[in-house]
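Peer 1: here is a sequence with its predicted model. Questions after.
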Amino acid sequence: MTLMRKLWPLVIFLIGVMNCPPMRAQSICSQPGKANTLYCTPILAVDSLQVVGGSGTVVPGVPPGFLALNAAVGTQVSQLPTPSPASGFVFVFGPSGLTTERGLGPIFSERPGTVGKHKLFLGFTYQHFEIDQIDDLSLKGIPVQISGCDPNTIGCGNFIQTNSRLDLKIHQFTAYASFGLVNRLDVSVAVPILDIRMRMQSRCSVCFQQQPPSGSGIVLSFTPNIATGSASGVGDVTFRLKGSVIKGERSGLGLGVDVRAPTGDELNFLGSGAVGVRPFVAFAYRTRVISPHANIGYQYNGDSILATANGTTSGQLPNSLDYSAGIDFGLLKSLSVTGDFLGHTLFSANRVYLGSRAGLGQGQPDTACTPTGVLPCQTVNFNTNSFALGGKINPGGRLLITANVLLKLDNNGLHYKPAPLVGVSYTF
């Protein structure tokens, strides 16, 4: 009870932070120093426009579909799956004194057991992501049509037609620590360090658009461009409080809550830009060889610039429901293999659609933020699933070495090539 009384001021503070809208200027990429961020890198690659001939000023905005693409990438990059900060060894004080449960446990799912009173678990992992698709849109060819005038106006020429390639690679290093406050209560912290590389190359098949009035000689011109960017630093730090509420001879149930602090730079995709709170439940059943487990949690997020498709204001980052189920196979006393199905449902999130324009767009493909491509950007709910296959080996003592590969099972949201992970941990 004393611990809970101490935590109440923190909880009240975090709730207040999540409900306070951040103060931002109208245009993020026009602010000094912001144009060099990863958020602005793709926008600059497709915004290389200039007016030639005649007299007049034409300032077309970045197409809504492309802004939705950037918002979706930024939102989901900051929420990629990360391994659980759960020890492979659990220490329990029972009638016979201190005992050790040697089930090495899952990799991406949370186990219900705690590390044990005054025990310390330290871990470090490396994971690599190469993003190649979002929704049904391949990042190797992103069509964007640009217009500087109302297509119904006499004298407005065909849309400028561009095609861009976006290369996005992420190196994610994560350090974990868990400490047993008492026999059935842990506190944990996860500190991610990210290195992100982005390159956007744009080309055009129709590079000019005649501007009205007819005969004015004003032409909007697009220049093929290459924009590159990179960022590295600390991401969003997550704090966890977890308790083991039911502990049977073979089954267990744990309850916990994660609190994510917005310590990462959201404009460089290092973090979400919003506080997050995630209560979760973990269940496991243990046998000598096969041990099934399951998790479910709900992530509540605050406001972030990444959540909006207009690039100028902030909105609530999509809340999400995450769930997992898997099995640990204890092949040997010091070796286990784990398979996990990971499900993720995002609520009111941006999606990207590949459509086509008629009329001055000549039926060419175009990136849109709605299925028809003509309505204002709308958010939707959608599911995305992954599968993790890996193993843990105990070469000696309380040392664990972890290896895993994460496979995306659908094209909803961000799609990445098979993502490898390696890790090492020790329990003191």
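Peer 2: Everything's here; your move.
Peer 1: all contacts plus neighbour counts: C-alpha atoms, from now on.
Peer 2: Will do.
Peer 1: okay, now the unreliable bits of the stretch 251-400 of the chain?
Peer 2: The model of the stretch 251-400 of the chain has pLDDT under 70 over residues 357-362.
Peer 1: partners of the strand or helix carrying residue 190 in the sheet?
Peer 2: Taking DSSP states H and E as the criterion, residue 190 maps to strand 185-206. Strand 185-206 sits in its sheet next to strand 160-182 (antiparallel), strand 225-234 (antiparallel), strand 238-247 (antiparallel), going by DSSP bridges.
Peer 1: what separates it from the chain centre, distance-wise?
Peer 2: For strand 185-206, the separation from the chain centroid amounts to 8 Å (computed by CA atoms, centre = their mean, to the nearest Å).
Peer 1: and if you look at stretch 252-272?
Peer 2: Worked out by CA atoms, centre = their mean, stretch 252-272 lies 10 Å from the chain centre.
Peer 1: just stretch 178-191 next, same as before
Peer 2: Computed by CA atoms, centre = their mean, the chain-centroid distance of stretch 178-191 equals 25 Å.
Peer 1: same check on stretch 29-47?
Peer 2: For stretch 29-47 - counting by CA atoms, centre = their mean - the centre lies 20 Å from the chain centre.
Peer 1: for the strands paired with strand 185-206, could you give me JSON lines that also reports distance to residue 418, mean neighbour count and mean pLDDT?
Peer 2: What follows is the strands paired with strand 185-206, written out as JSON lines (distance: least, CA to CA, whole Å; neighbours: other CA atoms under 10 Å; pLDDT from 0 to 100):
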{"stretch": "strand 160-182", "distance to residue 418": "12", "mean neighbour count": "20", "mean pLDDT": "92"}
{"stretch": "strand 225-234", "distance to residue 418": "22", "mean neighbour count": "18", "mean pLDDT": "92"}
{"stretch": "strand 238-247", "distance to residue 418": "25", "mean neighbour count": "18", "mean pLDDT": "91"}
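Peer 1: show me the one of those that comes nearest residue 365.
Peer 2: Residue 365 lies closest to strand 160-182 among these, at 8.9 Å (CA to CA).
Peer 1: could I have that closest one exported to PDB, CA atoms only?
Peer 2: Output of strand 160-182 as PDB, limited to C-alpha atoms (Å, rounded to 0.1, in the frame of the first residue of the first chain):
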ATOM      1  CA  ILE A 160       2.300  16.300 -62.800                       C
ATOM      2  CA  GLN A 161       3.000  12.500 -62.400                       C
ATOM      3  CA  THR A 162       5.700  11.400 -60.100                       C
ATOM      4  CA  ASN A 163       7.000   8.000 -58.900                       C
ATOM      5  CA  SER A 164       9.200   7.700 -55.800                       C
ATOM      6  CA  ARG A 165      11.200   5.100 -54.100                       C
ATOM      7  CA  LEU A 166      11.500   5.100 -50.200                       C
ATOM      8  CA  ASP A 167      14.200   3.100 -48.500                       C
ATOM      9  CA  LEU A 168      13.800   2.800 -44.700                       C
ATOM     10  CA  LYS A 169      16.000   0.700 -42.400                       C
ATOM     11  CA  ILE A 170      15.900   0.500 -38.700                       C
ATOM     12  CA  HIS A 171      18.500  -0.800 -36.200                       C
ATOM     13  CA  GLN A 172      16.900  -1.200 -32.800                       C
ATOM     14  CA  PHE A 173      19.100  -1.800 -29.700                       C
ATOM     15  CA  THR A 174      17.200  -2.300 -26.400                       C
ATOM     16  CA  ALA A 175      18.500  -2.500 -22.800                       C
ATOM     17  CA  TYR A 176      16.200  -4.100 -20.200                       C
ATOM     18  CA  ALA A 177      16.300  -4.300 -16.400                       C
ATOM     19  CA  SER A 178      13.800  -5.900 -14.000                       C
ATOM     20  CA  PHE A 179      14.000  -5.900 -10.200                       C
ATOM     21  CA  GLY A 180      11.900  -7.900  -7.800                       C
ATOM     22  CA  LEU A 181      10.500  -5.600  -5.100                       C
ATOM     23  CA  VAL A 182       9.000  -8.500  -3.300                       C
END
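Peer 1: quick one, what contacts the residue lying closest to residue 188 once chain neighbours are set aside?
Peer 2: Sequence neighbours aside, residue 178 is the residue nearest to residue 188 in space, at 4.1 Å (criterion: CA to CA, 6 or more residues apart in numbering). Going by CA atoms under 8 Å, 6 or more residues apart in numbering, residue 178 touches 85-87, 115, 120-122, 186-189.
Peer 1: want to throw the residues you listed into JSON lines with pLDDT?
Peer 2: What follows is the contacts of residue 178, written out as JSON lines (pLDDT from 0 to 100):
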{"residue": "85", "pLDDT": "73"}
{"residue": "86", "pLDDT": "69"}
{"residue": "87", "pLDDT": "60"}
{"residue": "115", "pLDDT": "83"}
{"residue": "120", "pLDDT": "90"}
{"residue": "121", "pLDDT": "89"}
{"residue": "122", "pLDDT": "91"}
{"residue": "186", "pLDDT": "92"}
{"residue": "187", "pLDDT": "94"}
{"residue": "188", "pLDDT": "93"}
{"residue": "189", "pLDDT": "94"}
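Peer 1: between the residues you listed, which is nearest residue 393?
Peer 2: Nearest to residue 393, judged by CA to CA, of the contacts of residue 178 is residue 87 at 12.8 Å.
Peer 1: who is the residue nearest to residue 232 when sequence neighbours are not counted paired with across the strands?
Peer 2: Excluding its sequence neighbours, the residue lying closest to residue 232 (CA to CA, 6+ apart) is residue 195, at 4.2 Å. On the basis of DSSP bridges, residue 195 takes part in beta bridges with residue 171, residue 232.
Peer 1: and residue 195, how many residues sit next to it?
Peer 2: 19 (other CA atoms under 10 Å).
Peer 1: surely it is in contact with residue 174?
Peer 2: No - with contacts counted by CA atoms under 8 Å, residue 195 stays clear of residue 174, the gap being 11.5 Å.
Peer 1: which neighbours do the two have in common?
Peer 2: Joint contacts of residue 195 and residue 174 (CA under 8 Å, 6+ apart) do not exist.
Peer 1: about what we covered before: okay, and the beta partners of the residue nearest to residue 188?
Peer 2: On the basis of DSSP bridges, residue 178 takes part in beta bridges with residue 121, residue 188.
Peer 1: likewise for residue 355?
Peer 2: Under the criterion used (DSSP bridges), residue 355 bridges to residue 366.
Peer 1: return the set of buried residues in the strand holding residue 190.
Peer 2: 185-204 (16 or more other CA atoms under 10 Å).
Peer 1: whichever helix or strand comes after that strand pairs with which strands, and in what direction?
Peer 2: Counting by DSSP H and E, the next helix or strand C-terminal to strand 185-206 is strand 208-210. Strand 208-210 pairs in its sheet with strand 219-222 (antiparallel), by DSSP bridges.
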